[in-house]
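Novice: Quick one, fold the following:
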Amino acid sequence: MASTKDLTIQQGKTFSLVIRWETEPIVYKPITDISLAFGAPRLGVPGHGCPAGWRAAVTRVKSPKQINAENNPPKASDYRPATVIDANTVEFNDLAPFDDNGNEWPAYTEGGFLQYNTPVDLTGYTARMKIKDKIGGTVLASTEAGDTPLNVLAIVIDNAAKTITLSIAATATDDFAWTKGVYDLEMVSPTGGVTTVLSGKVSVSKEVTT
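Specialist: Numbers count the residues shown, from 1 in each chain. Take a look at the predicted model:
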């Protein structure tokens with residue numbers, strides 16, 4: 001699924017962004033237990049297959065209903081990063097299991113599904129990205145050797161973790177004389193197919209501490 005995301009780079013600081021490429025179909029895994037004993041909801045989901053940090057949502061839990069997505073079907077805002085405890089357990093450690101009055105959610109009774117979009121198999125993929133002053137304009141930064149010395153963007157693909165990590169060294173951002181641009185990130189399949197995964201605007205903010 002292609003997404004739009006504007007990037008802010010702080011001059012003189014290392015920039016890093018972890019991207020998780022999602023596709024269809026939606027994966028549904030039955031929930032067998034929810035524990036509140038760890039300070040955050042910890043869900044028993046046998047063989048969940050959800051990668052660490054992947055966006056997931058919960059639906060159709062009878063109790064505690066507070067953990068369910070607000071919308072049915074869930075919207076993008078209903079998904080949150082899942083912390084993987086083990087192959088059968090995930091936790092939402094950014095979610096406090098208390099109501100507005102400080103009362104703990106009721107105990108789990110039955111039902112519910114953990115759902116998430118399918119991670120793209122990144123085997124054999126390569127990535128490329130350019131930042132330009134405008135669409136079709138001058139290159140400001142790039143992953144491509146042909147753009148030397150502007151090839152300061154690094155991308156690491158980790159198929160086991162299902163992550164695409166973009167980074168720019170602090171020494172490179174320190175040299176940025178520009179303040180605004182546009183970009184897109186393309187993934188190239190083993191057969192040469194090209195998919196735009198992410199695109200948007202880029203802004204460079206001046207550093208305070210040098």
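Novice: so where do the helices sit in the chain?
Specialist: 170-173 (DSSP state H).
Novice: strands paired with the lengthiest strand in it, and their directions?
Specialist: If each strand of the chain is counted by residues according to DSSP state E, the longest one is strand 194-205. Using DSSP bridges, strand 194-205 pairs in its sheet with strand 3-4 (parallel), strand 7-10 (parallel), strand 180-188 (antiparallel).
Novice: My guess is Phe15 contacts Ile9. True?
Specialist: Yes: using Cβ atoms under 8 Å, Phe15 is in contact with Ile9, at 4.8 Å. For glycine as for every other residue, the C-beta is placed from the backbone atoms N, C-alpha and C.
Novice: Touching, Thr126 and Val188? I think so.
Specialist: Yes: in this structure Thr126 lies within contact range of Val188 using Cβ under 8 Å: 4.8 Å.
Novice: Spatially, and excluding backbone neighbours, which residue is closest to Arg55.
Specialist: Tyr79 (3.9 Å; Cβ to Cβ, 6 or more residues apart in numbering).
Novice: How about Leu166?
Specialist: Leu17 (4.6 Å).
Novice: so who does the one you found touch?
Specialist: 7, 165-167 (Cβ atoms under 8 Å, 6 or more residues apart in numbering).
Novice: circling back: which one, of the strands paired with strand 194-205, ends up nearest to Ser35?
Specialist: The minimum distance between Ser35 and those falls on strand 3-4, with 32.7 Å, by Cβ to Cβ.
Novice: Give the rounded mean pLDDT of that closest one.
Specialist: Averaged over strand 3-4, pLDDT sits at 92.
Novice: Poorly predicted segments of this structure, please.
Specialist: In the predicted model, the chain carries pLDDT under 70 at residues 1, 210.
Novice: one step back: for the longest strand of the chain, buried residues please.
Specialist: 197-199, 202, 204 (16 or more other Cβ atoms under 10 Å).
Novice: ok, these vs Lys75, which is closest?
Specialist: Nearest to Lys75 among the buried residues of strand 194-205, with distances taken as Cβ to Cβ, is Leu198, at 19.6 Å.
Novice: is it true that that closest one touches Arg20?
Specialist: No: in this structure, Leu198 is not within contact of Arg20 by Cβ under 8 Å, at 10.5 Å.
Novice: on that earlier part again, so which of the strands paired with strand 194-205 is nearest Trp54?
Specialist: strand 3-4 (14.5 Å).
Novice: what's the closest one in contact with?
Specialist: Against strand 3-4 from outside (Cβ under 8 Å, 6+ apart): 197-200.
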